[in-house]
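1. I'd like to go over a predicted model; first the sequence, then the structure.
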Amino acid sequence: MLIFCQLLNPLRMETLENLLSKFADLIVYQLLNLEKAGLFTTALHYFISTFILISILVILVTYIMGVATNYMPMDKIRIYLERRKKSGLGNVLAATLGAITPFCSCSSIPLFVGMMQARIPLGVALSFLITSPLVNEIAIALFWVAYGWKVTVIYILTGILLGITGGLLLEKLKMEKYIAEWLKNLEVNNKSEVKDRRSLLARWPEIHKESVETLKKLVPYIFVGIAVGSFIHGYVPQSFFEEYISESNLFAVPIAVIMGIPLYIDAVGVLPVVETLVDKGVPLGTAIAFMMGSIGLSLPEALLLKKVMQKKLIIAFFSVIGIGMIISGYVFNLIF
């Protein structure tokens, strides 16, 4: 647990990303001897570093959640959150948790799985899933430097508010029946458990087995999703985005969100893109809408969600959050 907490430290995360980038340099430029300027090289480098990073995070989070659901009084937590479901307090707590954890849209899904296994209300779990990739500590620090405290504070509050309202709306739509069948089976298994007083060592074989089964379902989708994102990252020029989301286009904000979806860039990686777009004359709110789409509603995330949600829930999730992002973009353009 201590190692996991240390890894979540923003500086340590940045160090890990730098190490993986150097490892990708070694593979791509030295072992394979590819040219740095090549489109395939760019895509392959991005794939190697990103896939390893996300895999490490997903494996760690999956095992941590396996331990947590075995030791934490999940029934008491569930009852506490269910009693406060109507007031929205559970959604506020979940969105706040999402804001202080440095997960991307893919690596936050194992936590969502753990919440579903513990029978946490769906809307509460979705509030976490929405906010977690949108509000990233390193990105917030860079955002502060680039655009000042007012823009940064409003963005943080927007990310949390989007998580709260999105979770509440999806809860109202009664989408619980549209979670994946294997997640429902995990719920049944959890319901039948009696209080376990065994040590971690004694419980570990079961935790390991459940974690491996979860990873078997998730990792192939991570691979495909990041491969798609890497292709777009390497082969689609930045000028393509600038052309369609200029200030003169009334529909630039929804187009920006839609354009961001096929990409897979974390909040830190997308900031240089946002700065370039703004420098090219793209309104700040439109650029932020593009950022939200790429980090909060990415195509790799959609592919991964196919394993934990049925189609109707995925469509509802993307629709509600997409509309929220579009509204946020227009509001930012009005204010700034």
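-> On my side now, so go ahead.
2. Quickly find the element holding the residue nearest the centre of the chain.
-> When Cα atoms, centre = their mean is applied to the chain, the residue found nearest the centroid is S105 (1.4 Å). For S105, there is no enclosing helix or strand under DSSP states H and E.
3. Could you do I258 as well?
-> Residue-wise, I258 maps onto helix 252-260 under DSSP H and E.
4. pLDDT wise, what is the residue nearest to the centre of the chain at?
-> On pLDDT, S105 comes in at 71.
5. OK, contacts around it?
-> Contacts for S105 were tallied using Cβ atoms under 8 Å, 6 or more residues apart in numbering; they are 132-133, 295-298, 300-301. The way it works is simple: take the backbone N, C-alpha and C, and place the C-beta from them, glycine included.
6. mind saving the C-alpha coords of stretch 208-217 as CSV?
-> Taking C-alpha atoms only, stretch 208-217 is exported to CSV below (Å, rounded to 0.1, in the frame of the first residue of the first chain):
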residue,chain,number,x,y,z
HIS,A,208,-4.9,-12.9,-6.8
LYS,A,209,-7.3,-15.1,-8.7
GLU,A,210,-10.0,-12.4,-8.8
SER,A,211,-7.5,-9.8,-9.9
VAL,A,212,-6.1,-12.0,-12.6
GLU,A,213,-9.6,-12.7,-13.9
THR,A,214,-10.4,-8.9,-14.0
LEU,A,215,-7.1,-8.1,-15.7
LYS,A,216,-7.7,-10.8,-18.4
LYS,A,217,-10.9,-9.0,-19.3
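7. What average pLDDT does it get?
-> If you average the pLDDT over stretch 208-217, you get 80.
8. Could you pull out the buried residues of it?
-> The neighbour-count check on stretch 208-217 (16 or more other Cβ atoms under 10 Å) flags 210-211, 214-215, 217 as buried.
9. same deal with stretch 270-290?
-> 270-271, 273-274, 277-278, 280, 282-290.
10. which one of these is nearest F40?
-> Proximity of the buried residues of stretch 270-290 to F40 was ranked by Cβ to Cβ; the top entry is V273 with 20.3 Å.
11. C-terminal to the helix or strand that closest one falls within, what's the next element?
-> Assigned by DSSP H and E, V273 falls within helix 267-279. Remark: after helix 267-279, the chain's next helix or strand is helix 284-296, criterion DSSP H and E.
12. Let me know the angle separating that following helix from helix 252-260.
-> Angle, helix 284-296 to helix 252-260, by axes from the mean of the first three to the mean of the last three Cα atoms, to 10 degrees: 30 degrees.
13. Name the spans of the stretch 201-336 of the chain whose pLDDT lies under the cut-off.
-> Low-confidence segments of the stretch 201-336 of the chain (pLDDT under 70): 218, 221, 225, 229, 232, 238, 241-242, 264-269, 272.
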